[in-house]
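*Asks:* With the sequence up front, the predicted model follows.
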Amino acid sequence: MNNEILLITTLIVLYSVVLIWYRLFGRTGLLCWIVFATIAANIEVLILVDAFGIEQTLGNVMFATTFMVTDILSETEGKKVAKKAVNIGILTSITFIAVSQAWLMYTPSVNDWAFPSIKAIFSNTPRLMFVSLGVYAIVQRFDVWAYNKVWAATNKICNDTKKYLWLRNNASTLLSQLLNTVLFSLGAFWGTYPLHTLISIILSSYVIFVVTSIADTPFVYAARKMSYTIKAKQPF
């Protein structure tokens, strides 16, 4: 199976799994997904693949699910719960980085076979780790803020809180992903690559995020419809 088919399948499966977690465990399931996705994305971001003529990191797809989850939480549970999910993601990322770096301080046994591979994977430069963490904290908070700003604006115009879900979902995520792409690329690679290469990285990365952002719209609609049943059966 080629990378293009695998990426499309992965995107659909991950978005579907988010809905399954929500259906089974309600709000708690989405908060747990944030923890899982944050750890998985921190590992997947180290894997580069070529697909659709673009070199990209596998973490892009997993990272996209965190935006989908905060949008679902904003829509169904409110801004306070969405911000709580962002804070959980930030604390998860800090804890994972600290724990994974502590592993590298140990002297492995003579019978150990895994340490060289673990060291190769988790020996990120401090610059990349801090840029990744800082950008995550900024853009996720911005996403929640933008989602609720667009929601308030459309509600003021049409006086209907249910309308224009597609607009607040896509507007907030596309703006957040643009901010994410620019800040991460400049923070991580400024001085490493010439400006024209940085611009190329930003543009190619953003194309991927546009696709993942638009693709999550029907899943957010499905989650909102699902929330009516979940809240009726599992009030908390």
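*Replies:* Received the coordinates, thanks.

*Asks:* alpha carbons only for contacts and neighbour counts from here, please
*Replies:* Will do.

*Asks:* how about the nearest residue to the most centrally placed residue in the chain, chain neighbours excluded?
*Replies:* Nearest to the mean C-alpha position of the chain, counting by CA atoms, centre = their mean, stands F63 at 2.6 Å. Counting by CA to CA, 6 or more residues apart in numbering, F63 lies nearest to A41, which is 5.9 Å off, once chain neighbours are set aside.

*Asks:* Likewise for I201?
*Replies:* Per CA to CA, 6+ apart, closest to I201 is S185, 7.3 Å.

*Asks:* again, but for E4
*Replies:* Per CA to CA, 6+ apart, closest to E4 is A51, 5.4 Å.

*Asks:* which one's the longest helix in this protein?
*Replies:* helix 3-44 (DSSP state H).

*Asks:* For the helix or strand just after that helix, give the mean pLDDT please.
*Replies:* The element immediately downstream of helix 3-44 (helix or strand, assigned by DSSP states H and E) is strand 48-51. Mean pLDDT, strand 48-51: 83.

*Asks:* if we can go back for a sec, how many neighbouring residues does the residue nearest to I201 have?
*Replies:* Here the number of neighbours of S185 (other CA atoms under 10 Å) works out to 18.

*Asks:* Over to L19?
*Replies:* 22.

*Asks:* tell me the pLDDT at it?
*Replies:* Predicted confidence (pLDDT) for L19: 97.

*Asks:* and if you look at I5?
*Replies:* Per the predicted model, pLDDT is 93 at I5.

*Asks:* thinking again about what came up before, quick one: distance of the longest helix of the chain to the chain centre.
*Replies:* How far helix 3-44 lies from its chain's middle: 9 Å, per CA atoms, centre = their mean, to the nearest Å.

*Asks:* T154: what's it in contact with?
*Replies:* D160, T161, K163, Y164 (CA atoms under 8 Å, 6 or more residues apart in numbering).

*Asks:* host element of it?
*Replies:* Going by DSSP H and E, T154 is part of helix 126-158.

*Asks:* and after that helix, which helix or strand comes next?
*Replies:* helix 165-189.

*Asks:* any residues touching that following helix, and which ones?
*Replies:* 67, 71, 127-128, 131-132, 135-136, 139-140, 142-144, 146-148, 150-151, 198, 201-202, 205-206, 209-210, 213-214, 217, 220-221.

*Asks:* just for the chain, where's the confidence low?
*Replies:* Applying pLDDT under 70 to the chain picks out residues 1, 124-126, 234-236.

*Asks:* what do you get if the cut-off is 50, keeping everything else the same?
*Replies:* 236 (pLDDT under 50).

*Asks:* Wait, a strand at Q56?
*Replies:* Yes - according to DSSP: H, G, I helix; E, B strand; the rest coil, Q56 belongs to a strand.

*Asks:* residue at max distance from the center of the chain?
*Replies:* V110 (38.6 Å).
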